[in-house]
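Chemist: Got a sequence here, can you build the structure:
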Amino acid sequence: MANQLFDFGLVGLGVMGRNLLLNMADHGFAVIGYNRSPQKVTDLENEIVPGTTIKGTSDLKVMVAALKLPRRITLLVKAGQPVDDMLEELVPLLDKGDIVIDGGNSHYTDTLRRVRYMQEKGFHFMGMGVSGGEEGARRGPSIMPGGDAEAYQHVKPMLEAVSAKVNGEPCVSYMGKGAAGHYVKMVHNGIEYGIMQLISEVYDVLHRGYGFTNDELHEVFKQWNDGELQSFLVEITRDIFLKNDDKTGKRLVDVILDKAGSKGTGKWTSQDAMDLGMSIPTIDIAVSMRNLSALKDERVKAATVYPSEIKIAGVSKEEIVQQARDALFFGIMISYAQGLALLVEASKEYQMEIPLPDVVKIWRGGCIIRSSLLEVFYQAYVKNADLPNILLDSHIAALVKSRTENTRRFIATAAQAGIPVSALAVSLGYFDAYRSAVMPTNLIQAQRDFFGAHTYQRVDEEGIFHSNWQ
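Modeler: I've put the predicted structure just below:
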């Protein structure tokens with residue numbers, strides 16, 4: 001195999017890298033993977049499926065030399081400095097016109113910088129979001145490539161082959177100019193944060209507030225997943241409740257400490273939305289609640305300072321399950337609405353030309369936020385590709401309206417019982433503000449003008465005004 005010319009090269013043979021490489025080989029591509037660690041190379045070679053063409057090496061020069069021109073190399077290394085370090089190693093080994101794709105979770109501003117840097121040297125560079133976790137990488141992820149449109153044509157056949165499929169359509173599409181691929185993936189992750197927080201709040205009310213057992217919770221989430229809430233995150237939540245702990249024999253979910261980790265992509269979404277002046281409070285609060293969960297010792301102390309009996313009374317089991325389902329449906333809709341509205345604004349502001357119909361179309365399969373609702377959103381964008389917010393679509397409006405009453409009841413029930421449902425509450429707050437023709441912001445503008453002469457506009461004539469309030 002020494003003289004074999006390979007179709008694709010991949011740098012970084014962690015579980016994601018190995019699985020993606022094996023997926024490519026399954027689809028008939030000759031692939032070669034590089035990792036500095038010989039052990040990772042061995043791990044790859046131990047998983048090779050007979051009849052496929054895969055090679056592993058811990059010599060970067062060997063990998064680069066073995067690739068067909070123009071070379072197509074995907075990086076699956078840790079975001080940040082490791083990507084820059086890898087490019088420095090690669091650049092002297094490449095020829096003009098070679099294509100390098102960053103398939104990690106890089107911040108979009110880093111991707112923009114790298115696109116320019118590689119362009120100046122005569123190479124193509126693309127940022128590409130990949131969602132679906134380890135299983136998705138092996139069996140078919142949702143893939144979000146952006147940037148160099150010419151380079152995309154060179155890698156499109158491979159990406160379409162290895163991606164997830166929905167109704168025979170590949171879950172990959174060109175996401176737009178510049179750093180669009182990584183920007184879309186960042187917002188995808190922000191929406192993911194929001195939905196995970198919403199699910200955890202519903203679980204808390206049913207479990208702590210109403211005393212649902214894990215078996216009962218499994219049954220509730222199973223029914224939901226069999227219906228309109230069908231989605232990857234509801235599906236895995238259903239299965240989590242049945243998993244036993246090998247050490248104690250208890251249900252595993254009950255022995256996991258209530259401190260959440262994060263890799264920063266949710267925070268990036270919030271930060272960029274702030275910079276663009278976009279409101280995404282469901283995603284913001286999801287990030288904040290993970291931060292608050294990390295203060296475990298303080299929370300334990302505060303629980304003794306502010307003791308409360310968390311118990312829900314006066315609501316039947318059937319009622320609370322129905323309220324919970326509607327509230328979760330409502331919150332998930334709002335989380336998507338906020339994320340997609342951010343993409344609309346960012347696309348204009350950063351001139352990325354993100355095709356919103358294609359975004360929701362490729363999220364339908366392979367990715368962590370795949371859901372039957374994405375088909376509904378897709379139809380909304382097909383009807384009106386310039387929709388600034390999906391809440392303005394008449395079909396989506398009907399779905400949301402039919403859930404608002406139960407959402408209000410569920411939030412009120414939780415608040416009375418002292419159970420935090422921050423993401424559900426801000427989702428409702430966002431909805432009520434978005435549908436308000438009049439907001440109390442006139443008072444804020446009056447205050448700003450009073451203490452800082454910040455001026456204001458009037459309802460009865462055009463122009464900018466300032467008053468002497470003293």
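Chemist: Quickly find the element holding the spatially most central residue of the chain.
Modeler: In the chain, the residue lying closest to the centroid (Cα atoms, centre = their mean) is Asn189, at 1.9 Å. Element membership for Asn189, per DSSP states H and E: helix 180-204.
Chemist: Could you do Asp110 as well?
Modeler: Per DSSP H and E, Asp110 falls inside helix 108-120.
Chemist: Output the contacting helices and strands for the helix or strand that that helix is followed by.
Modeler: Later in the chain than helix 108-120, the nearest helix or strand by DSSP H and E is strand 124-131. Strand 124-131 sits against strand 99-102, helix 108-120, strand 142-147, helix 149-162, helix 180-204, with contacts defined as 3 or more Cβ pairs under 8 Å, 6 or more residues apart in numbering; DSSP states H and E. The C-beta positions use only the backbone N, C-alpha and C, and glycine is treated the same way.
Chemist: Using the record's domain definitions, break this protein down for me.
Modeler: Domain assignment for the chain, taken from automatic domain parsing, gives 8-174, 185-434, 440-470.
Chemist: Let's have those in TSV, adding mean pLDDT.
Modeler: Output for these, formatted as TSV (pLDDT from 0 to 100):
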stretch	mean pLDDT
domain 8-174	94
domain 185-434	95
domain 440-470	96
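Chemist: what about the nearest residue to the residue nearest to the centre of the chain once chain neighbours are set aside, neighbour count?
Modeler: Residue nearest to Asn189 in three dimensions, not counting chain neighbours: Thr265, with 3.8 Å by Cβ to Cβ, 6 or more residues apart in numbering. As a burial measure, Thr265 scores 21 neighbours (other Cβ atoms under 10 Å).
Chemist: Thr265 contacts Val184, correct?
Modeler: No. Thr265 lies out of contact with Val184 (Cβ atoms under 8 Å); the separation is 11.7 Å.
Chemist: Run a quick neighbour tally on Asn389.
Modeler: 13.
Chemist: how close does it get to Ile354?
Modeler: Going from Asn389 to Ile354 by Cβ to Cβ, to the nearest Å gives 15 Å.
Chemist: got the contact list for His218?
Modeler: With contact set as Cβ atoms under 8 Å, 6 or more residues apart in numbering, His218 has these partners: 238-239, 241-242.
Chemist: Hmm, I typed the wrong one, I wanted Gln445.
Modeler: Taking Cβ under 8 Å, 6+ apart, we find Gln445 in contact with 454, 456-457.
Chemist: how about stretch 138-145: buried residues?
Modeler: 138, 140-145 (16 or more other Cβ atoms under 10 Å).
Chemist: Make TSV from the residues you listed and add distance to Met24 to it.
Modeler: Converted to TSV, those look like this (distance: Cβ to Cβ, whole Å):
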residue	distance to Met24
Arg138	11
Gly140	11
Pro141	12
Ser142	16
Ile143	12
Met144	17
Pro145	15
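Chemist: and stretch 385-393, C-alpha only, in CSV?
Modeler: This file holds the C-alpha atoms of stretch 385-393, laid out as CSV (Å, rounded to 0.1, in the frame of the first residue of the first chain):
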residue,chain,number,x,y,z
ALA,A,385,-37.1,32.2,2.8
ASP,A,386,-36.9,35.8,4.3
LEU,A,387,-38.7,35.0,7.5
PRO,A,388,-36.9,37.0,10.2
ASN,A,389,-38.4,34.8,13.0
ILE,A,390,-40.2,31.5,12.7
LEU,A,391,-42.8,32.7,15.2
LEU,A,392,-44.3,34.9,12.4
ASP,A,393,-45.2,31.8,10.4
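Chemist: how deep is Val100 tucked in, by neighbour count?
Modeler: For Val100, the neighbour count with other Cβ under 10 Å is 25.
Chemist: That one contacts Glu88, correct?
Modeler: No. Using Cβ under 8 Å, Val100 is not in contact with Glu88; the gap is 12.0 Å.
Chemist: just to revisit the earlier point, return the member of the contacts of Gln445 nearest to Ser293.
Modeler: Nearest to Ser293, judged by Cβ to Cβ, of the contacts of Gln445 is His454 at 37.2 Å.
Chemist: how much space between that closest one and Glu461?
Modeler: Using Cβ to Cβ, His454 is found at 19 Å from Glu461.
Chemist: Who has more neighbours out of those two?
Modeler: More crowded of His454 and Glu461, by other Cβ under 10 Å: His454, with 13 against 7.
Chemist: so where's the longest helix in this protein?
Modeler: For the chain, the helix with the greatest residue count under DSSP state H is helix 317-349.
Chemist: what's that one packed up against?
Modeler: Where contact means 3+ Cβ pairs under 8 Å, 6+ apart, helix 317-349 is packed against helix 180-204, helix 214-225, helix 265-276, helix 281-293, helix 356-362, helix 373-383, helix 394-417, helix 422-434.
Chemist: Reformat those helices as TSV; add distance to Leu252.
Modeler: Converted to TSV, those look like this (distance: least, Cβ to Cβ, whole Å):
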stretch	distance to Leu252
helix 180-204	14
helix 214-225	10
helix 265-276	24
helix 281-293	18
helix 356-362	32
helix 373-383	29
helix 394-417	25
helix 422-434	24
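Chemist: Just name the most buried of these.
Modeler: For the helices and strands packed on helix 317-349, the largest average neighbour count (mean count of other Cβ atoms under 10 Å) is found in helix 180-204, namely a mean of 26.
Chemist: Packing partners of that helix?
Modeler: helix 108-120, strand 124-131, strand 142-147, helix 232-240, helix 265-276, helix 281-293, helix 317-349, helix 422-434.
Chemist: Render the CA-only coordinates of the second one in PDB, please.
Modeler: Pointing back at strand 124-131 there. Taking Å, rounded to 0.1, in the frame of the first residue of the first chain, the C-alpha atoms of strand 124-131 are listed here in PDB:
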ATOM      1  CA  HIS A 124      -8.200  26.600   0.400                       C
ATOM      2  CA  PHE A 125      -9.500  26.600   3.900                       C
ATOM      3  CA  MET A 126     -13.000  25.700   5.200                       C
ATOM      4  CA  GLY A 127     -14.600  25.700   8.600                       C
ATOM      5  CA  MET A 128     -17.000  22.800   9.000                       C
ATOM      6  CA  GLY A 129     -19.400  22.000  11.900                       C
ATOM      7  CA  VAL A 130     -20.000  18.300  12.600                       C
ATOM      8  CA  SER A 131     -22.800  17.200  14.900                       C
END
